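**Q** Show me how the following folds:
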Amino acid sequence: MTTNEHLQAGHSGAAGEQVSVLLIADPGEPAALAERIADYLPERLQSPDRPERRWTTCVRRKPYLPDEQADFTDVIDTVDPSSEQEDIVVYLTDLPRREDTLPVVADVSFALISVAGVGGVRIERRIRTVTELALARVLGESELMPPGAARRYPCVQIKDGIRYLAPSGLRRLRLLSGMVRANRPWRLVTGLSKVLVGAFATGAIALATNTIWLFADTMGPWRMSAATVLSIVAMILWLLVEHELWERPKSPEERDRSVLYNTATVVTLVIGVIVLHVALFGLLLFTACLTLPPELLSRILGHGVNFSDYLTLAWLLASIATIGGALGSGLEDDAVREAAYGVRQRQRIEQTRQPSNEAG
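**A** Next comes the predicted model:
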């Protein structure tokens, strides 16, 4: 049954026409967006020209989409919109869908929206716009389209509906930023709390060694910068290797996808580790100022000290502590693995295979 047929057969009566929308969302960022959009849609879609129409929304968290390259008909068969009691089904996924190399933001027969495709900034506003655009297309009511949305998102005809592409200009960068946003790097930072504690302990022990004071006083900004970069790179490499985050293509066709997934994972880790490094710097600077008297530091260094000497010392300590923290990163397996698209993809495939194996 098509959406229009469903509406014609459905919910009208003395109370007026009722249109129900089911938002299906992958767990994580799509689900959080779906919850907020569900609260927003009824009021936004209420039209003064049709006061008898009432909109209702509900949200279901479940990853139906097994793979970013899954054919649209396979997705429809998996979700089976005709079996739902709601009139319209909108599916939000965090997987990046593409047509060749062009990012796809939505496929519309029922509505399938790629959250990553809209980019990494103003994401909720853009998803709202794409959702309204998709609903207007599903219902065949152009008056529901947000102003300018049809021009902003170019569309092409596909076998089973309409496909909306990302706006022109920096499309691949927009997709990459959307994938990094979907990885939620801030959760990686909070998830590495045990690593932060272990790294801080490493830095605090090093703070008690006067050899470190001399190193910090003589290394100079270039060597200190090199030590910082090396410590961050070491931490990222350790996370990639220890948690098996690197996606290896199994065929030439998968190479482009693997490059995209690996780039998003590395950028996410870079953001998380840099924030961790800055946090360590702040903690160690506070500790050094609190516990290390200027007179003692001046006697070891052989010259008067000021606040810049404490900054330099904390800078070196943060680099040492970051490397020490890498050794404890194995304690945070779940938090780190959630930052990798390839890992989540493998988990998704395993979940979709389990029901069929149990049925067999």
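**Q** and residue 212, how many neighbours?
**A** Neighbourhood size, residue 212 [other Cβ atoms under 10 Å]: 17. For the C-beta atoms, the positions are set from N, CA and C on the backbone; glycine is no exception.
**Q** Next: the one 3 residues further on.
**A** Number of residues near residue 215 (other Cβ under 10 Å) recorded here: 18.
**Q** nearest spatial neighbour of it, skipping sequence neighbours?
**A** Among residues not flanking residue 215 along the chain, residue 316 sits closest, at 6.2 Å (Cβ to Cβ, 6 or more residues apart in numbering).
**Q** Ok, residue 234 next?
**A** residue 323 (5.4 Å).
**Q** What is the helix or strand containing the one you found packed up against?
**A** Element membership for residue 323 (DSSP states H and E) is helix 307-326. With contacts defined as 3 or more Cβ pairs under 8 Å, 6 or more residues apart in numbering; DSSP states H and E, helix 307-326 has these neighbours: helix 193-207, helix 210-218, helix 220-242, helix 255-291, helix 294-301.
**Q** List the buried residues for the second one?
**A** Taking 16 or more other Cβ atoms under 10 Å as the basis for neighbour counts, the residues of helix 210-218 that come out buried are 212-213, 215-217.
**Q** could you dump these to CSV with distance to residue 98?
**A** Shown next, in CSV, are these (distance: Cβ to Cβ, whole Å):
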residue, distance to residue 98
212, 49
213, 53
215, 49
216, 48
217, 53
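**Q** Return stretch 240-251 as PDB; C-alpha atoms alone will do.
**A** C-alpha atoms of stretch 240-251 as PDB (Å, rounded to 0.1, in the frame of the first residue of the first chain):
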ATOM      1  CA  LEU A 240      44.000   2.100  16.300                       C
ATOM      2  CA  VAL A 241      46.100  -1.000  16.900                       C
ATOM      3  CA  GLU A 242      44.900  -2.000  20.300                       C
ATOM      4  CA  HIS A 243      41.200  -1.700  19.500                       C
ATOM      5  CA  GLU A 244      41.400  -2.900  15.800                       C
ATOM      6  CA  LEU A 245      39.800   0.300  14.500                       C
ATOM      7  CA  TRP A 246      41.500   0.300  11.100                       C
ATOM      8  CA  GLU A 247      39.200  -0.800   8.300                       C
ATOM      9  CA  ARG A 248      40.900  -3.000   5.800                       C
ATOM     10  CA  PRO A 249      39.100  -3.300   2.400                       C
ATOM     11  CA  LYS A 250      38.400  -6.900   1.300                       C
ATOM     12  CA  SER A 251      37.900  -5.900  -2.400                       C
END
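**Q** circling back: need the pLDDT of the residue nearest to residue 234.
**A** The model reports residue 323 with a pLDDT of 80.
**Q** who's in contact with it?
**A** 202, 231, 234-235 (Cβ atoms under 8 Å, 6 or more residues apart in numbering).
**Q** Kindly present these as TSV, with separate columns for pLDDT, distance to residue 287 and neighbour count.
**A** Conversion of these to TSV gives the following (pLDDT from 0 to 100; distance: Cβ to Cβ, whole Å; neighbours: other Cβ atoms under 10 Å):
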residue	pLDDT	distance to residue 287	neighbour count
202	85	12	21
231	90	18	24
234	88	23	16
235	86	20	27
